[in-house]
Every structure is written in C-alpha cells, then in structure tokens.
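**Student:** Curious how this folds, go ahead:
(4 chains)
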There are 4 protein chains.
Amino acid sequence: MRTRAQYIERLGKMNNNLYCNGQKMDRLDERQEGTINVMGLTFDAAWDPASKDLCTATSHITGEIINRFNHIHQSVEDLHKKQDMTRFMCNKVGQCIQRCMGIDAANAINAVSFEAQKSPKAKTAYHDNWLKWLERFQREDLVASCAQTDVKGERLKRPAEQDDPDMYVHVVEERSDGIIVRGSKVHISEASISDEILVVPNRALKKGEEAYALAFAVPSDYEGIKQVVHIHNTRKREHYQRGIEYGYTDSYIIFEDCFIPWERVFLCGETQHGGIAALLFALFHRHSYSGCKPAMLDYVIGLSGLAAEINGIESTPHVREMLSKLIMTGELGYAAGYTASDFGKPEVYIPGVGVMKYGPGSYIPNSIYANVGRCLTGEAVFHEQEILCNIAGGMPATFPYEKDLANPETKHLLEKYLNRNPKIPIEDQIKFWLNFADFGLSSFSGPTQYGAYHGGGSPIMEQIAITSQYDLESKKDIVRAIAGMSPRSKKK
Amino acid sequence: MRTRAQYIERLGKMNNNLYCNGQKMDRLDERQEGTINVMGLTFDAAWDPASKDLCTATSHITGEIINRFNHIHQSVEDLHKKQDMTRFMCNKVGQCIQRCMGIDAANAINAVSFEAQKSPKAKTAYHDNWLKWLERFQREDLVASCAQTDVKGERLKRPAEQDDPDMYVHVVEERSDGIIVRGSKVHISEASISDEILVVPNRALKKGEEAYALAFAVPSDYEGIKQVVHIHNTRKREHYQRGIEYGYTDSYIIFEDCFIPWERVFLCGETQHGGIAALLFALFHRHSYSGCKPAMLDYVIGLSGLAAEINGIESTPHVREMLSKLIMTGELGYAAGYTASDFGKPEVYIPGVGVMKYGPGSYIPNSIYANVGRCLTGEAVFHEQEILCNIAGGMPATFPYEKDLANPETKHLLEKYLNRNPKIPIEDQIKFWLNFADFGLSSFSGPTQYGAYHGGGSPIMEQIAITSQYDLESKKDIVRAIAGMSPRSKKK
Amino acid sequence: MRTRAQYIERLGKMNNNLYCNGQKMDRLDERQEGTINVMGLTFDAAWDPASKDLCTATSHITGEIINRFNHIHQSVEDLHKKQDMTRFMCNKVGQCIQRCMGIDAANAINAVSFEAQKSPKAKTAYHDNWLKWLERFQREDLVASCAQTDVKGERLKRPAEQDDPDMYVHVVEERSDGIIVRGSKVHISEASISDEILVVPNRALKKGEEAYALAFAVPSDYEGIKQVVHIHNTRKREHYQRGIEYGYTDSYIIFEDCFIPWERVFLCGETQHGGIAALLFALFHRHSYSGCKPAMLDYVIGLSGLAAEINGIESTPHVREMLSKLIMTGELGYAAGYTASDFGKPEVYIPGVGVMKYGPGSYIPNSIYANVGRCLTGEAVFHEQEILCNIAGGMPATFPYEKDLANPETKHLLEKYLNRNPKIPIEDQIKFWLNFADFGLSSFSGPTQYGAYHGGGSPIMEQIAITSQYDLESKKDIVRAIAGMSPRSKKK
Amino acid sequence: MRTRAQYIERLGKMNNNLYCNGQKMDRLDERQEGTINVMGLTFDAAWDPASKDLCTATSHITGEIINRFNHIHQSVEDLHKKQDMTRFMCNKVGQCIQRCMGIDAANAINAVSFEAQKSPKAKTAYHDNWLKWLERFQREDLVASCAQTDVKGERLKRPAEQDDPDMYVHVVEERSDGIIVRGSKVHISEASISDEILVVPNRALKKGEEAYALAFAVPSDYEGIKQVVHIHNTRKREHYQRGIEYGYTDSYIIFEDCFIPWERVFLCGETQHGGIAALLFALFHRHSYSGCKPAMLDYVIGLSGLAAEINGIESTPHVREMLSKLIMTGELGYAAGYTASDFGKPEVYIPGVGVMKYGPGSYIPNSIYANVGRCLTGEAVFHEQEILCNIAGGMPATFPYEKDLANPETKHLLEKYLNRNPKIPIEDQIKFWLNFADFGLSSFSGPTQYGAYHGGGSPIMEQIAITSQYDLESKKDIVRAIAGMSPRSKKK
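**Tutor:** Coordinates of the predicted model:
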C-alpha cells in the first residue's frame, strides 16, 4: 500500500494532458491541492491504526493486505464494510471521498468481463486481461476514476441514431494489436488526480450498437486523451482557518482516436454485457451512496444543529421537525444500503430475464434496496438546502468578508453585532457561518448539489430501475386472491 | 398450540361484557365474524407446513413449540422472523393481522417487570408474576390485546393535573390482595375477540404520578370491565364473492373500579419504569409496522398495478413514477425494520441517561431505525390514497351496486360499458373495482387510514423519539472539526 | 322563478327511468331526500332577501329576473358573482351545491353553438335551437345536469379506434327529424334529480370522429335513457340531529338508440367545435371550483379549528402551520378564480391557433388562472385529509355509535371519558365528532374525495391545459435577452 | 425625474462610509457597477415611452409626474400598477429590481406617522416631518433603501431582555434638537447605492420597549453610520457577453451613536404604532413579491424551457409536469397579489383589535392575499432549483471555462461535444449554460435563493400573519351550523 506522499509523488511525474481555464495545468497545480488533499485521506486511513481494519482488505488474488478501495467484494461482510468505510471517510471532509468510482467500476468489470469472456465471439480474453490489470491495480495501490457518462448529443436518439456518431464513446477501428476509440466522457470526477481511468458504457445497448459495447482501462495521462478540467474549490482563508482544505475536480475526457492495446480491453462488442456493465456500475455506485449520502446528511444535521444552537432556537418544535426529517433521510438511506448489503449475492438482474447468477462469485448488493436508498437521498438534496436556509435565516447570505472581520475599523463592531449566543466564542460562531456559506452559498455549492442529485444516476433512473426490476405481478396476486379474482395464469 | 376452532370455541364461552349499537353483543355475533376470521389465520399459519417454521418459535421458558405471536424475542433472528411473519400474514388479508399488540406488549412488560422487580419499593414480585402469566399465555396459546391509549382529557395537562383524575387509568386503592383501578383505554384493537388484555401506561411519568405507573393483565371479559365496541366491516356481498371476509373492531375499555389481584400486576408505582414501559411497547409496535406497513404497501402496489392494467395505462411514465414511490415507501420501511432487527440488543434508550442494558436479556430492536421506518410509512398513508385515486380515476366512486350488476334490465348494459380491458374477464374487472372501493371508498376506509397513520404512534411521536434519542452532538463534532471550530468540551 | 316546492312537485311527475340497487327507484324515494334537499337550497336562496342579489340575474334574452344558476355571463361582474354565489351556497352544506354543471354546460354550449352555426355544413341552426331551449330553461327555472364523461373503454385508444364504437356517445343514424344516439355517460352528478341533461363531448376530436362531435339536450326522464344511480348519503341520525341533511347522487346515463329531434341538437359533426365544447365546459367548471373548493376549505378549516379547540391544542405551532396550509390552499384557489373572472373576455384559447374571439359576446374566464386554481385545490384533497387526521387524532375512527351514547348502561361513562374540553358542552363535542366522521371516515367520504380530485378534470388535465396554453416562448425570450443569446426568429 | 446619469453623478459625490473586503470602497467602485446598472433601469423605464405610463405616477402632494417607485398609493389602480411595474421591471434582469424597499417603507411610514402624530405624547409632528421628507424624495427622485432587520442577538429574547441592549436599533438619548440612536440593521439591500435610508422597527413591541419604537430617515452616507457591504456579482465574461450585467449588494448598517434631528424622525416611542410600522412595511413588501416572484418564475420557466429544448426533452411528460408546477407557482403568486390589490383599502389589521381604518387614506393591499402569495412563492424557492437541476442534468455543474472554450487546442472539441441540439447555434447553447450556471450554480446563487426565501419575511412569518389575521371563528360557525352544534355565543 502506498502512502499519501507516494501517491502525490507519482502524480507529479505524469504527462501533462490537463487543460484548465485556457491553459495546460500541472497535476500538482495549487488549484488541485484541495482535491489531492481529500484523496490523500484514503491513503492515510489505511495506515491509521484506528481505521485500518475498516479501510483495508485481503486481496482474493494475492492474499495480500490492500486498500479496501481497490478490493473486489467477496462476501456480505465486504459489502457492509464498504458502506461503513464510505460513511466513515466522508465524515472527515463532510463531502465526497472521491475514491468510490474506482472500486465500483472495478467490481462491475470484474463480473462482466468474466461472463463476456465465455462468449464464442469474444475478441480477446477479457477476464484474463482484467485480472492482470487488477493485480497491478491492487499491488501498486492505484487510484482509478470511472468514465461512464457520454455527452449523449440528442437525448431522445440512441447512440447509433445520432447525426454525429461520436456522441457516445465507441470503437472506430479494430486492429490486431488493439482498438482505436473516439468520443468524450464528461463529468468524470477525480480523473485529473487519478492514476487510471476505467471506461464503461453509459446505457443498455442492442444489436447494431456493438461499437458502443466497450470497457477498457487507460492511464489518466495517456496519449490521445485530453482532459478539460473544472475545479470546485472554496475560497482561500487568511484569518479563520478551516480544519481541512478540500476541493474537487471534474473532467471532460476527450478520446481523440486513442489507441487501446487488447490487454487493456475488457469488453468489445457484446451488447448485452455492455448494458449489464452500465447497470452494474450504477448499482455498485448507488450502493456507495448508501455510505456517502448518510455522511453528507450527518454533515447537514451537524450544520443544522449548530445553526439552531447559535441562533438559540434548538428547542423549538419546527426545528425539531426539520432535524427529524434530516435524520430520517440519512438513516433510511443507510438502512437501505445495509439491507442491500445483507441481501447481497453473486447475482444480477438481467432485463427481460430476471435475477441470475453472474460473474465469478464476487458479491453484488441487492438492486431494489440500493436503488430505493439512492433515490430517497437524491431527491432530498434541495429540500436539505431549504432546511438549512430555514434554520440559518439570512445570516450566511450577507456575512461579512474575512478582511472586514479583521479590519480594526469594523472588527469590534461586527463581532458585537454578529454575536447571537453568549455561550459560544464569537470566533467559533464566525468560523461556523463561513463554513456554512462554503457549503450552501458559494460557487462550490451548486456543483455539489448537482452531483448529489444526479451522481450515480438521477432519481428518475432509480425509479426506472425500481419499477423495471420489482416483482409487480406477485403484488397483484395478493389482490387477486383477496378480491376473489381469477388467479394469474402461470404460463407467460 | 390451539386451532382456529379451539380459539373460537373459547370465545363463545366468555362472559358478555361487550356493548355495540345500544345493546350487549355476543362475542360470536355475526358482526364479529370478519375480525375472528382474520385472527383465525394466525392459528392456521402455525399448523400449516408451508408457514410453521416462520410462525412458530421455541419458548425460552418451557422449551416447547409455541405460536410465534406469543414469543419473547431471544435473538436478532427472532426479530427478523417477527418482521417477516408480520408481512407474510398481513399479505393474506391486505390489512392488519391483529395479533401484534399482544406480542409487543408482552415483550415490553417482560423487560420492564424484570427491572422494576429490583426496585426496593416494589409492591410485589413483578417479574415472577409476569413469568407465571406468560407461561400460561404461551401454553394455552391465548390471544392478548394491549390497552395503552388513555382518553387523556385535556391534552396539554398531565395525568395528575386533570380536573377529572380518571382521564388516565390509575390505581384508586391498594389492598392486601390487589389493587382497584379506574379509567378508560380507547381504540383498543381486537379487545373484543382477545382472551386477555395487557394494560400498560400511555406516557412518560414523573414523581407524583405513581398511581399512573401501572401494568397488569386482565381477562377480556373480566368483572368490572365494559367494552364499547366499534365494528369495521365491509358490506356483505351476494353476487361477487371476496376471496376472504375480513373485519376489525376497536373497543373503549372502561374500568369501573375493577379489582386486579397482585399476581396479575407487573408494575405499580415505579414512574421511571412506567415511562419505559410506554416507550418500549411503542418501540416493539413500531417494529411491527416494519412488517405490516410493507404488507399494506404490497397491497396498495397490487391495487395500483391492477387499476393501471385494467385502465390500460400501466406503461405511462406518470404511473411508473407513482408505482416507484409506493415501492420506495414499502421497501424503505422494510429496510428500516430489517436494520432495526439486525442492530437489536437487550438494551434500551433511557431519556436523560442514554442507551443502557435493560431487562433479562430478551432482544429489543434498534429504536432509531424502528422509528424512522414507522414515521416514513405513517406519513405516507394519505399520499397512497392520492395515488390510488389518481390511477383509478372516478370509476370506484360511482361504481354500480351489486344488485344493479345482477338486474337483467341493467346487467348487460353495465357489463358492456364497464369493460375497459378486453384481456381481463369483465367479472374480474368488477370484482376488482368492488374490492378497490372496499379499501379506499367505504366506511371501512377512513378508520383503516386513521389506524395506519396514528397506530403505534403518530408521525409526530416518532419525530420526538428520533430527535430525543439521536446523537446530535456527534454530528456537530463533524462540523466543528471541518470548520476549524473549538472541539466540544467533553465534560458534561 | 320556481320555489323549492314547485321543483319537487315537478320531479314527482317525471317518468321513472332510475335504477338503484337492483330495482327501479322513484325520483322522490327517501334515498334521494338528501340530494333534493341540497338542490332545494338553490331555489330558497333566490327568494331569500339576504341572498337574492347574489343568486339571481337579469336574463339577457328576456330581461327578466332569473336564478343565476341559469344565467349566461354577460360581464366580468357576472363571473365574479358566479364565483361568490358558489362559495356562499356551498358554505350552507359544507359540500357541493350541485347546480353548477348546468350553468357551466349552458355557457359552453352558448358560445359553441353560435360559432358552429356559421359552419357551411351545419346540420341545423344550432344556436337558434339553443336560444329556444335556453329561453324555456330560464323561464321555467329548470335544473340541468351536464353529461360529459364517456366510459372511454381502452384509455389509450381514441373514440374511433375502440373495438366497441359505443365507448363514447355518438350518432348512429341521422334522420330528417333528428338523430339516433348510443353510448353511456358516467359519474353524472344530480342527473337523477335534474329536469334536463345537457350532453357535450368529452375530448378534443379530429377528422373521422364527426359522429362524436355532438351536443344536445334531453329531459332527464326521456325515452331511450336509463339511469343507474349511485347514492351518497350519510347515516340517518336518531339522537344527535344534524343542522342539515344532505346527500348526492351520480348516474350512469345509458342512451339506448335514443332519438333526439333536431331542435334539441346544438352540435353535430363539427369536430373542432366539439373539442372546444369539451374544453369550454371544463373551463367554466374549473372556474366553478374556484368557488366550491374555497368553500370546502372553509369547511375543512372549521373542522380543523374545532377539532384543535376540542382537543385543546389550538395554540400549538404545528396546528398553526397546518391551519395556515389550509387557508393558503383555499385563498389561493379563490384568488386564482377571482383573477380569472377579472381577466374574463368573450375569447377562447384554440389549440394550435391561440386566443381568439369566440361566441356571441358572453364572458369566459381566463383559462390559465382558472386552471392553476383548480389544479392547486384538486391536488390538495388528500393532504387536507391528512391534516384533519393529524389534528383529530384517533378519536373519530372508533367513536361510539349513537345508540351506545344513548344506552343508559354506557351513556354516562362515555360522556365522562369523551370529554376533552370542559368549556364545550359534551353534546356539542359529540355532534362535532359525529359530523367529523361523516366528512372524513364514512362511506360518504371516499366518493367526496374522488369527486374533489377528479371532478372538473383531474390535476393532470389542468397541467396539460396550463402547459399547452401558456406562452412559454415569451418566457424563453426573457432568458435569451439576459443571456445575450440570439433573439427568437419571429417567423414561425 | 432624474436620469440614470444624474443618479450616478450624485452617488459619486457622496461621503465614503462603505467598507468592503477590509478597505473603504467608493460608491462608484467597479464592484458596484452591476448593482448600479440594475438600479439605473428604474430611471430609464420612467423616461422610456414604452413604459412610462406604467412606471410613473402623479404625486398626490405636488400633482407632478414622479417615478412610480416614489409614489404613495392612492387607489386600487395604483396597487395594480405597482405589482405590474415590479414584474415588468424584474423581467429585464431576471432578478430583483431593487427599488421596492423604498416605496414599501415610504407607504408604511406614510400611514403610521399620520396616526402616531395624533398621539397626545407625540414627540414631534411625525406626519408633517414625513410629508416634508416625502416631497423632496419625490421631487429629487431619490432612491431609498429600507433598514428593518435588526441583528436580534438571542432570538428567543425580546429587545429589552437582551444582555446587550443594542441588539435592536434604539434611542439612547433624546435631545431638544433630535435623538441619538445606536445598533445595527443587517441584510440591507441596495443601501450602498441609495441616497436615503428609511429605518423602521423589526417587530411588534410592547410597553417598556418605547426606545425601540422608532422610525426615521437618514442619508446613506450620514455621519455616524458605517456600512459593511457584501457584494453579489457574477463572474466577468470575456468571450461570451451577457445581455445585461447585473449585481446586488447588502449592507450591515451600523449606527454608532448617530444623531438624528427631529425633522427626520417619524416615530419615537409609540409602541403600538411601532408594531404596525413593522407589520405594514412587511405587508407592502410581500405585495411587492407578488410582482417580483412571478417575474423570477418567468425567468425560471424560461430557463427550464430552454434547457429542455436544448436537451431535446421539451415534450416529455415529466418536463411538462415540472413546467406546470413552475407556472402554477408564478401565476398563483400573481393572482394572490392581484386580488390583494383589488381588495386594497386604507385599512390595516391591528393585532387584538381587528381590521380598522388607518392612515390618511392611502391604499394598503389586503393582508391575507398578500401573505398567502408570498408564502407560496417563498416556500417554492428550493423546489425550483430542484426542477432546474432535474431538467438541466449535470451539464452546468462541470461546464468548461470560457477560456477553454476559446483555447484553440480545446475549442473545436468542446463545441463538438457540447452540441445537443443541431437547431440551436452552439454559441447560443454555450451562452445559455453559462447563464444557467450564473443563476443556479455560482456564488451569486445561494444569496439569491436565501433572499427569495427570507426576503420580505420567511414563510413562517407569513404563516403567523395568515393564522393570526384570518377569521377562523366564522369558519367554525359554518361547521357548527351543519353539525347541529350550539351557535357561537356572540359576547366575547
């Protein structure tokens, strides 16, 4: 396992293919400090005696201790630990911990490449390739991002129907030594600070869309790839230091006829497995949300509780009601993930077929519970902002700037008039409101909310997953029996 | 274990202390057939090979096989089975299975009487009394109802502050051989068809309210008790038979200076334990809701799915969205209960103290998860009715009467014009809509909805439980660390 | 103008074509007393000095004073008075006043027949026919119901696509002296106690659906018509009398090759005007809801306020919040209707064309405001029930029967234990809860709720009306200008 | 009337008492360009022939044409025009037009000073002073801001109960020539670009709080006043120009023992009128929201419509449903304001007394309708953000920076992959998404949302206003009559 320092050192040696604000940007550019700082926590935690049990695992390939973020789930216990590790780590930063996309994509590809390799038309030994990549990934303790979201062009057209065929990443040429791919994946979190990128399809696919049924890995600084990076940082502080500096990035990853050697290809042309890859990454990632969203709710609950305490209204009934709503959302989201873990099996729901054994035996969380949890917490995002706004009042919207709080001409006046709770030092009150504004009223806020709403699939995607996978007919049977209707004819 | 027939036979021999519609009512009166029919299912299921594993348990007292509805939970597994048995049984009738109140009260008293007996001022050997009662309860396979809800008089006054001290059931006299109690418990489900009634306090109590800290058991037909019964039946059918006839009753139980011998008294004067008894019955009962409410949602999902199918709109996006909301509510409710079971321990939250070991080792579900689940499903009741109404359209509101559907002058015309889906026999469509109206538009509906909303504690009661028991300060700590605020001072 | 007695006398002389519960039912059958009693209020109010200014109008045809429920709106003032009369009258019964369907259909046909008569292919002088019918309608002070809702068969198929062409009422034969119609209209309120029935189309129509573009009038007891009647009454009281006895009916009206003479035909084959007739009746009727729904909210607010007062919780913050929600819904619904009246014009929105002058100059409320109001109040129905349930608690769900309240063995006990507020006589408390249960927990409740939700068009119908009629492009223009985008090209 | 240029010229001559980011800031500092630009629109519109009818009025004092933003409402028509002017002006910037606070405070003080002057203990001729100030205000076409919100210290303590008496602005000394005031008003919009500040109380007051019953006017750059300014600007654009540059400011206004001469004092010590002043400013300002919130919804509807159009999903049912929700909110808010105007009178609701004639005859909108409208639109703010997020998808959260869109190495790639709708020029698509992010995802967004939620009074303040002013007893009477209960006894 690497240390934070080793991780950063390797980043510093990578080729420069990042673009930001009109120019190339070095991976160790100061604008990336926040995001690297967050990722660094995942290395620290694996070494920290207090957390290493939770944050490491034993590789099922090598038997060695590895960072749990690079592990393939071998049991229900692994699923529980993944959820709990995620909540634990996110609690350190109050936000996303950034390293789930890699583990979620790896677990998806692990199952899909196993099944796809059985295909008589398989272009290469997908799963053998995968295991080789995985072994190095675990051994070198690499960070992977997952590139799933295509630009999609005209939304109501399928990939092969688009005027411009590049609206979904696809194979433009097959060679003896590999494939040439073109297209762009967008909103790819942490790609600018990852070692590797795992690419998976974005949607269910059908005959005629073979070129889009594609999974592979590339180094993040690979030739033929450009990353256009969007930075989500908070404003630097001079006088009132945060407890941790954090930040995030998202990349447009553009594949300009990029060559991928066969040994890095894990799926190429099997449309049914392409769809399952899309669905499985989403499923693992929705399960991740059962860790991170409760953690973000822990943060929102803490913010609400402190805002109410500072405002002196903690005991009022309407605050109690709002706190209970937040707690409900967080813990129902957690319970859904917990149940999804406990019901986990090496099985997957295949549209039109039903639940089937799938993959080499690695564990997959229950899809219904993973989806109901993610949908609940996703839909709650803006209501959480409303609750924060309700409890805080106007305070954070017009809060004085740090320098005015330090300026001798205004400092004592502002401290006098900002003070709302004599039991809490004014410096703590000030830090609290600055932090509150970071979360809910800065340029950092909107992208965070959009990520919490759409990331891992928008609520409507979970609704589709839920309704398409739920056994609705068995519920109708209950009614048929009670109403005295004819039983469902069993042939189908 | 008894059979349905034995259960009914015993009911027939009981003293007549039921009042209904201005006259005394025999326990086997035809108005009670529906409710007896539902309760009968709990006896059938314990004998049925297909369900006996789920619906029986081994008594921890006698080692004998008993009906699970009379069992004291000895493990996490028992908690899981209770939840699953509840959902399974409720699916047979699409409604409440009626026998949870007894098991929930029994589990509460089991723990409370154990702790209260330790009290130096204990009036009698509460737990010894209890175990004796319990042993017979299990051996004779009795049905118990739980009498918790007091009439409460002026709502904003505590028991001892009321003008009329009888607004909460209380001891009016202590004798050497027992106690005299007075007051009334209301909305007591299935009391009119139960063998025994377990009485527990309705609320937290404090010094000076000792007379109200009271738990005991009485036979349902006991001297000094009158039951005024409200019946919830559906209209009898002549032409379109239901698959099952069901019904429910609720009683006002009035204690007219009723004598209770000491051996039936399990708590008498220990106010702190009185409050815990109230809280614990509520907790066990909210956990029951994690079985019955998902079952009622199964039913509502089935109704919605069939209404959409008959109306030919099953594939429309707005129906899909509504179905997903119903599924989310049901499965989040289930997941909350599942997690509450899995986190179950012989521990209880004591207001002002925190979580502590409590009782003789019997298992208690996690309170936070039991409460968030019940609150979610309780708050959803009327929105479920809205969804049913939305999908059904006006059809069930003006549906022809059975006799018009049978009248030769109108039958063929109505069948012609009622037909909305040529793939479903018109007789099934008619039975469906009649059943739909039973559930949502009959005199049966309102009380069912009120029960689903308030039973086991109104949503506001769960909100209070959640917020008073949640570790809010630890969530503030997360914010304090990230914001760079001073740590919480640990002394408290 | 007629008196209540004259209205009833005429009902008694009508042919008997009503079917109810398997037999023919006389119009003056005791099951119809409730609904006749409500309709009678509309006659009383026109004579009552306190309300005659509001409830009468001057006929624009004859210049005579007529009941306002038979008036064609000649001004903005008329629209305001119609809204206010509706709220005023509904406040007398806490429910629907029943006579709006006639005025709304009459106003729709008044405009449509005028335009359709201009058609070169008009089958008869539609508007001349109409004016003749209208003159008698006003002079004889008749009650009309409106038959709009067809059975619709398979919902996703248009009228002419159905397997059975009778799923929408249509012309099966044109003769020299009139037309033969077949089909069934359902959920037709007050048809069993009306003098006349006005029939209008149920939806937008297109070429090939001429047979369905049909509007005409028939006497309610006409040959060739059967009515299958569903009764919505409350339980008779013996001891605790209501202030008013009310009830409602809905009919399935079945046209069995019914002959309609040309002089009663107001539209026959003009598909565009058929669609406008459907839309216009809906529009006038949604405007009616801006009177009746605020009145029903007045009633719900009164119920909530009294329940809170009796329960002693009127001053709690959560009750205040719920009351404010009810008030908001009612008064926003009123304000929407008020604005729709004030913006009323002799104009109509024609799909695909825009807003145009339409009809002979009679006034039509603004469609956007009429629709946003109806949608708001329609969607709120089940949430209102939740609020009532929340405030009332379990009380009304298990309330003792009248006869138990009168039985000397239980009366004094029940009165003792039901008493929650010493400032209110127990008899008033009892009457209140009985009345509360009538509204929310009886067999009367469900149909009332379904009517309030779907009547005048389900919320989704208003959403479609709103979005299809709103000038969305002008709102985009605002954004285009501010964003610096190219202006919308004006050619279209 | 002044021109935009004259307004700016005067600003440039004012004393510098603004602090921003640790230093003094000139009123014409470039950071204030956005906000000055918006305020300038209110001058332009009064001269523009297309809008001058709407945006000017005739002074009831001088008979001269004045800017309507400085007018005292003399009629229902004036109230309508104020609402419509507000919506019209806000549509030019998609946000707040900034000049309502002055007109709303002026109308409140106009009525209050009239009544207070009648007080036998009046300290000065309040209304005479006011008319003198008003005459200059209208003649010189000044801009006023309104300082209402006090810092409030400990929220559950009243002004006189605070440890620090300065938590509400108050009189610390009365002199023969004037008064000395101390305290701070916060979140005072446009104070940094206004000519004058009108100060009014923040809450209802009672005996013993005379020092807080205070209304007066000061020049914004007055001696003894410091403003600490918070700026809300959007990021400057280099390549993709906006159609308008806008911005806003809020000030902490600190009164450091500031001397106010008597002729600028309009209330000083009359606690009842102090409460009415607070209530009346809020009422006028909530009426303003019936203009600006519909305008902001126009903007949100435009954004949603264009986002859907660019994404190619404009015709999907879920988008249609969301658009209908936005339209409903905007138009119900408008209708509420329209009705409040139409029911406007020279009357005010006085707590504990009822509705009474108040003031010199100037018009005051109906309080119930003004409040229900503001509450509806205030509560909708975060749900609007959710709808925008839902329709937009992830696009705006990671949108490339302007300079990357201009960089030749990335420009063509980004334009290729950003294109979602071939019918709309890619430059327009880019400008749209940049503008979308300005509104919903920038540092501008949070404060805007907080302003829209809390400005003019948080939803809970409107709920309190609604429930305390509504005639609940008359609604109970409706129920009493129908239920057959005893009539309300009229004595009270």
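
**Student:** Enumerate every residue touching the closest residue in space to A:R68 that isn't next to it in sequence.
**Tutor:** What sits nearest to A:R68 in space, not counting adjacent residues and going by CB to CB, 6 or more residues apart in numbering or on different chains, is A:A57, at 4.5 Å. Just so you know, the C-beta spots here come from the backbone N, C-alpha and C atoms, and that holds for glycine as well. The contact partners of A:A57, by CB atoms under 8 Å, 6 or more residues apart in numbering or on different chains, come to A:65-68, A:71, A:78, A:81.

**Student:** phi, psi of A:A57?
**Tutor:** For A:A57, the backbone dihedrals (degrees, to the nearest 10) come out as phi -150, psi 170.

**Student:** could I get the contacts of A:A57 as CSV with secondary structure, neighbour count and pLDDT?
**Tutor:** Output for the contacts of A:A57, formatted as CSV (DSSP: H, G, I helix; E, B strand; the rest coil; neighbours: other CB atoms under 10 Å in any protein chain shown; pLDDT from 0 to 100):
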residue, secondary structure, neighbour count, pLDDT
A:I65, strand, 14, 98
A:I66, strand, 22, 98
A:N67, strand, 25, 98
A:R68, helix, 25, 98
A:H71, coil, 22, 98
A:D78, helix, 21, 98
A:K81, helix, 22, 98
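
**Student:** Turn the residues you listed into a markdown table, columns for distance to B:S442.
**Tutor:** Compiled in a markdown table, these are given as follows (distance: CB to CB, whole Å):
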| residue | distance to B:S442 |
| --- | --- |
| A:I65 | 64 |
| A:I66 | 61 |
| A:N67 | 60 |
| A:R68 | 55 |
| A:H71 | 55 |
| A:D78 | 50 |
| A:K81 | 50 |
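
**Student:** what comes up buried for the lengthiest strand in chain A?
**Tutor:** The residue-count maximum for a strand in chain A (DSSP state E) belongs to strand A:247-261. Using 16 or more other CB atoms under 10 Å in any protein chain shown as the test for burial, strand A:247-261 gives A:247-255, A:258-260.

**Student:** Show me which of the contacts of A:A57 is closest to chain C.
**Tutor:** Using CB to the nearest CB, A:K81 comes nearest to chain C of the contacts of A:A57, at 40.4 Å.

**Student:** Next, the contact list for that closest one, please.
**Tutor:** By CB under 8 Å, 6+ apart, A:K81 lies in contact with A:54, A:57, A:68.

**Student:** any idea how far D:P351 is from the second one?
**Tutor:** According to CB to CB, to the nearest Å, A:A57 stands 65 Å off from D:P351.

**Student:** Can you name every helix or strand that the helix or strand harbouring A:N110 contacts?
**Tutor:** Following DSSP states H and E, one finds A:N110 within helix A:100-117. With contacts defined as 3 or more CB pairs under 8 Å, 6 or more residues apart in numbering or on different chains; DSSP states H and E, the packing partners of helix A:100-117 are helix A:126-139, strand A:144-147, strand A:196-199, strand A:214-219, strand A:265-268, helix A:271-311.

**Student:** What average pLDDT does the first one get?
**Tutor:** What that stands for is helix A:126-139. The pLDDT scores in helix A:126-139 average 98.

**Student:** just the fourth one next, same as before
**Tutor:** Over the span of strand A:214-219, the pLDDT mean works out to 98.

**Student:** Can you list the residue ranges for strands in chain A?
**Tutor:** Remark: strands assigned in chain A by DSSP E are A:18-20, A:23-24, A:56-58, A:65-67, A:144-147, A:170-174, A:178-189, A:196-199, A:214-219, A:225-233, A:247-261, A:265-268, A:347-350, A:354-357.

**Student:** Serialize those to CSV and add fields for distance to D:E238.
**Tutor:** Conversion of the strands of chain A to CSV gives the following (distance: least, CB to CB, whole Å):
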stretch, distance to D:E238
strand A:18-20, 16
strand A:23-24, 14
strand A:56-58, 48
strand A:65-67, 43
strand A:144-147, 30
strand A:170-174, 35
strand A:178-189, 23
strand A:196-199, 31
strand A:214-219, 33
strand A:225-233, 17
strand A:247-261, 20
strand A:265-268, 42
strand A:347-350, 49
strand A:354-357, 55
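
**Student:** Ok, which of those comes nearest D:K207?
**Tutor:** Of all the strands of chain A, strand A:225-233 sits nearest to D:K207, with 53.2 Å by CB to CB.

**Student:** could you check the angle strand A:247-261 makes with the closest one?
**Tutor:** Counting by axes from the mean of the first three to the mean of the last three CA atoms, to 10 degrees, strand A:225-233 lies at 170 degrees to strand A:247-261.

**Student:** Spell out whether strand A:225-233 and chain B are in contact.
**Tutor:** No: if you take CB under 8 Å from any CB of the partner chain as the test, strand A:225-233 misses chain B, and the best it gets is 14.9 Å.

**Student:** Model confidence score at whatever residue of chain A ends up closest to chain C, please.
**Tutor:** Residue of chain A nearest chain C, by CB to the nearest CB: A:P317 (4.9 Å). A:P317 carries a pLDDT score of 94 in this model.

**Student:** ok, now which ones touch it?
**Tutor:** By CB under 8 Å, 6+ apart, the residues touching A:P317 are C:316-318.

**Student:** B:I350 versus that one, what's the distance?
**Tutor:** Between A:P317 and B:I350 the computed distance is 23 Å (CB to CB).

**Student:** sorry, back to before: for the residue of chain A closest to chain C, give its distance to B:D257.
**Tutor:** Counting by CB to CB, the gap from A:P317 to B:D257 is 39 Å.

**Student:** All set now, cheers.
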